[in-house]
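> my questions concern the predicted model and sequence given below.
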Amino acid sequence: MPPVTREPTEPLRLDYLIRAGGIHSMTGETYRSVGLRGPGIVAVSGEPDGLDDLAGGGTVVVDAGDLTVLPAFADSHEHLMEASRNTLLVPVDQAKSVAEFTGMVAAAARDAAPGAWIRTSMAWHESNLAENRLPTIAELDAAAPGHPVLARRGGHFAVVSTAALSAAGIGPDTPDPAGGKFGHLPDGGLDGTLEGGAVYQVAGFAPDVTRAQLADGLARGSAAYAALGVGTIREAMINTDELLAYQDAAEQGKLSVRARPMIRVGNELTGDQALALVDGLGARSGFGDDWLRIWGLKFVMDGGVEGGALEQPYTDDPHNSGHLNWDPAVMTRVCVDAVRRGWRIGTHAVGDRAVRTLLDVYEAVVKETGPVPPWTLVIEHALLSDPAQRERAVRGGFGVTVQHPLLWNMGSEMLATWGPERTRQVNPIDDWLALGASLAAGTDIVRPFNPMTNVWGMVTRGTKAAGVQGPEHAIDVATALGLYTMGTAALNHEQDRLGSITPGKLADLVAYPADPLAADSGDLAELTPAFTIVGGKPVHDPGGLLAS
Ligand SMILES: [Zn+2]
């Protein structure tokens, strides 16, 4: 037997002792001091000096009586990978007009090899352009002659140049793909807009950035989220190559926030192909460590504001009620297999018809597999739902991720396409909670978004440019904070590790110069952190408060 060696037992010495005006645990207590050691929280006290005997020579003591400390935010649905890739692409999300947009594309084309693809950031929206319209295919052709230009906007829409359509072999007579649409001009020619599945039919031809570039992008991207007080992001859609980039970034210590990725199971696959993809993954939900842990699989049932599957037709087009991407029977078969292999599933369902169809699928899955643990089958968004659907979701134990920033960002588009009655009913968090639903709050906005603007939105139902929508669905600040911390921790099956300021949990904290629970709701939207700590490490400390 080799001799057993052990470290000498020492009295506990804190790495950080933080004294603050208020430390809200999110489990009902308010403390005045918290002690951190290594990656975790080891002690709390209701007195500012209650932990002083745990401080030693190496302890950083932070006296922040003017600050309020909360658990760092956990975003239940955001595209960190896309936001990070955007930092490597043409930054048209910063354009304020169509001319600026096309000017950036032209500048990138001048720097690129002849005929090379030009890819823009996905985080733009025409409502941020002075003209409030999309760039046209003719404008893209003129900005980058001979270059395929791919300007993806969010996950379900893109505008491309003529060269991009040619590179993908798409002409005026190409039939629309399942769950997608090629836009046409009045004369029948292509107008360069791609919706739903049509986006992938072109994007598949554009060369991607390298894995090493992506890992660097994740470093920049995750740091920007951490600077806004985010500690965990449930990454809403990646492929297996992108999972490798995540692993690189995590191993190299480049992540400033924890990531919980969902792996895409695309509706362009046949049922057998989807089963093969799931079976080939080998691992299952929960694989990884505290920084990077696979959440599960991602399905997409319908489109976004333009293509969401609605029970009633679009307000601006009585012949259109959106599209469903999956045959329910096929999706059920794939999901039954996946759940039996230990996978959790999150499915994008925006319109009420998509939510109803997804409930059919999830209920059929549970009928086959038997009861599943909470937060195994998840509805992403459910922007539109009716009372019967909400009741079915709660009865079935299907949790919902809610994103007020979608209403905040696209309220004007929703008013135009869905009409005022449906827009004010988007994401009625209060109705869901009254039924006892499991909810987790997030953003889905594909760029760093101030969580406090999201809290303000949940509390006021305010939007960027569409006024207040459905004020009767407002919730209070404490509830909003809870959904955005403990709610997401439960979604991630980590309520014992994260989500509150509790000894034994990981030290993910954010400090604010005002107490959000006491502040006027009007002041919340602009509140930004004094510092952010993730896993006991300062990841945002502009004032040097955490410096030793
Ligand atoms: Zn999303």
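Done, it's in.
> what residues does the stretch 401-548 of the chain put near the ion?
residue 444 (C-beta under 5 Å from the ion). Every residue, glycine included, has its C-beta placed from N, CA and C.
> ditto for the stretch 101-250 of the chain
Within the stretch 101-250 of the chain, the positions near the ion by C-beta under 5 Å from the ion are residue 236.
> and the strands in the stretch 101-250 of the chain?
118-119, 149-153, 157-160, 180-184, 190-196, 230-235 (DSSP state E, counting those that start in this stretch).
> mind listing what's buried along the longest strand seen in the chain?
Criterion DSSP state E: the longest strand present in the chain is strand 60-71. Using 16 or more other C-beta atoms under 10 Å as the test for burial, strand 60-71 gives 60, 62, 64, 67-71.
> repeat for stretch 21-32
21-26, 30-32.
> wait, which of the residues you listed is closest to the ion?
residue 26 (25.0 Å; C-beta to the ion).
> that closest one contacts residue 500, correct?
Yes. Counting by C-beta atoms under 8 Å, residue 26 touches residue 500, with 4.3 Å between them.
> need the residues touching each of the two.
Common contacts of residue 26 and residue 500 (C-beta atoms under 8 Å, 6 or more residues apart in numbering): 71, 485-486.
> which residue is nearest the middle of this protein?
The centroid of the chain falls nearest to residue 78 when counting by C-alpha atoms, centre = their mean (0.9 Å).
> how far away is the nearest residue to residue 451 once chain neighbours are set aside from residue 436?
Closest residue to residue 451 apart from its sequence neighbours, by C-beta to C-beta, 6 or more residues apart in numbering: residue 73 at 4.2 Å. Distance, residue 73 to residue 436, using C-beta to C-beta, to the nearest Å: 24 Å.
> compare these two and say which is more crowded by neighbours.
The residue with more neighbours, out of residue 73 and residue 436, is residue 73; 30 against 8, by other C-beta atoms under 10 Å.
> picking up where we left off before, packing partners for the helix or strand just after the longest strand of the chain?
Later in the chain than strand 60-71, the nearest helix or strand by DSSP states H and E is strand 73-78. Under the contact criterion of 3 or more C-beta pairs under 8 Å, 6 or more residues apart in numbering; DSSP states H and E, strand 73-78 touches strand 230-235, strand 399-402, strand 439-441, helix 486-491.
> tell me how far the shortest one lies from the chain's centre.
Think strand 439-441. Chain-centre distance of strand 439-441: 12 Å, with C-alpha atoms, centre = their mean, to the nearest Å.
> would you mind writing the CA trace of the helix or strand following that strand as PDB?
Reading on from strand 439-441 to the C-terminus, the next helix or strand found by DSSP H and E is helix 451-460. C-alpha atoms of helix 451-460 as PDB (Å, rounded to 0.1, in the frame of the first residue of the first chain):
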ATOM      1  CA  PRO A 451     -30.500  41.400 -18.800                       C
ATOM      2  CA  MET A 452     -31.900  44.400 -16.800                       C
ATOM      3  CA  THR A 453     -33.600  45.700 -20.000                       C
ATOM      4  CA  ASN A 454     -35.200  42.200 -20.200                       C
ATOM      5  CA  VAL A 455     -36.300  42.500 -16.500                       C
ATOM      6  CA  TRP A 456     -37.700  45.900 -17.200                       C
ATOM      7  CA  GLY A 457     -39.600  44.500 -20.200                       C
ATOM      8  CA  MET A 458     -41.100  41.600 -18.200                       C
ATOM      9  CA  VAL A 459     -42.100  44.100 -15.500                       C
ATOM     10  CA  THR A 460     -43.500  46.800 -17.800                       C
END
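> secondary structure class for residue 413?
Secondary structure for residue 413, judged by DSSP: H, G, I helix; E, B strand; the rest coil, is helix.
> run a quick neighbour tally on it.
For residue 413, the neighbour count with other C-beta under 10 Å is 18.
> turn the shared contacts of residue 26 and residue 500 into CSV, including pLDDT.
Shown next, in CSV, are the shared contacts of residue 26 and residue 500 (pLDDT from 0 to 100):
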residue, pLDDT
71, 98
485, 98
486, 98
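> on that earlier part again, surely the residue nearest to residue 451 and residue 227 touch.
No. Assessed by C-beta under 8 Å, residue 73 is found out of contact with residue 227, at 12.0 Å.
> so where's this structure shaky on pLDDT?
Applying pLDDT under 70 to the chain flags residues 1-11.
> surely residue 60 touches residue 13?
No. Applying C-beta under 8 Å, one finds residue 60 not in contact with residue 13, separated by 11.4 Å.
> next SSE downstream of the longest helix along the chain?
The longest helix of the chain (DSSP state H) is helix 352-369. As assigned by DSSP H and E, the chain's next helix or strand after helix 352-369 is strand 377-381.
> which residues touch the very next helix or strand once past that next one?
Once strand 377-381 ends, the next helix or strand along the chain (criterion: DSSP H and E) is helix 387-396. The contact list for helix 387-396 (C-beta under 8 Å, 6+ apart) reads 352, 355-356, 359, 362-363, 366, 377, 379, 382, 385, 400, 431-432, 435-437.
> make it 7 Å
If you take C-beta atoms under 7 Å, 6 or more residues apart in numbering as the criterion, helix 387-396 is touched by 352, 355-356, 359, 362-363, 366, 379, 400, 431-432, 435-437.
> just the buried residues from those, in ChimeraX please.
Applied in ChimeraX, the following selects the buried portion of the contacts of helix 387-396 according to 16+ other C-beta under 10 Å:
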select :352,355,356,359,362,363,366,379,400,432,437
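> farthest-separated two in the contacts of helix 387-396?
366 and 431 (23.2 Å; C-beta to C-beta).
> quick one: stretch 174-193 to chain centroid distance?
So, by C-alpha atoms, centre = their mean, the centroid of stretch 174-193 is 29 Å from its chain's centroid.
> mind listing what's buried in it?
Buried, per 16+ other C-beta under 10 Å, within stretch 174-193: 176-177, 179-183, 190-193.
> burial measure for the residue in the stretch 401-548 of the chain positioned nearest to the ion, as a count.
When scored by C-beta to the ion, the stretch 401-548 of the chain has residue 444 as its residue closest to the ion, at 4.2 Å. Neighbour count of residue 444, defined by other C-beta under 10 Å: 24.
> with the one 10 residues further on instead?
A count of nearby residues for residue 454, using other C-beta under 10 Å, gives 24.
> didn't it look like it was pressed against residue 402?
No. Using C-beta atoms under 7 Å, residue 454 is not in contact with residue 402, being 10.1 Å away.
> quick check: neighbours shared by those two?
The contact sets of residue 454 and residue 402 overlap at residue 441 (C-beta under 7 Å, 6+ apart).
> returning to that earlier point: give me every residue that touches the residue of the stretch 401-548 of the chain closest to the ion.
77-78, 236, 403, 405-406.
> quick one: it from residue 406, how far?
From residue 444 across to residue 406, the span is 6 Å (C-beta to C-beta).
> about what we covered before: most packed of the helices and strands packed on strand 73-78?
Of the helices and strands packed on strand 73-78, the one with the most neighbours on average (mean count of other C-beta atoms under 10 Å) is strand 230-235, at a mean of 29.
> which residues touch that strand?
72-78, 80-81, 225, 257-262, 295, 442, 451, 488, 491-492, 498, 508, 534.
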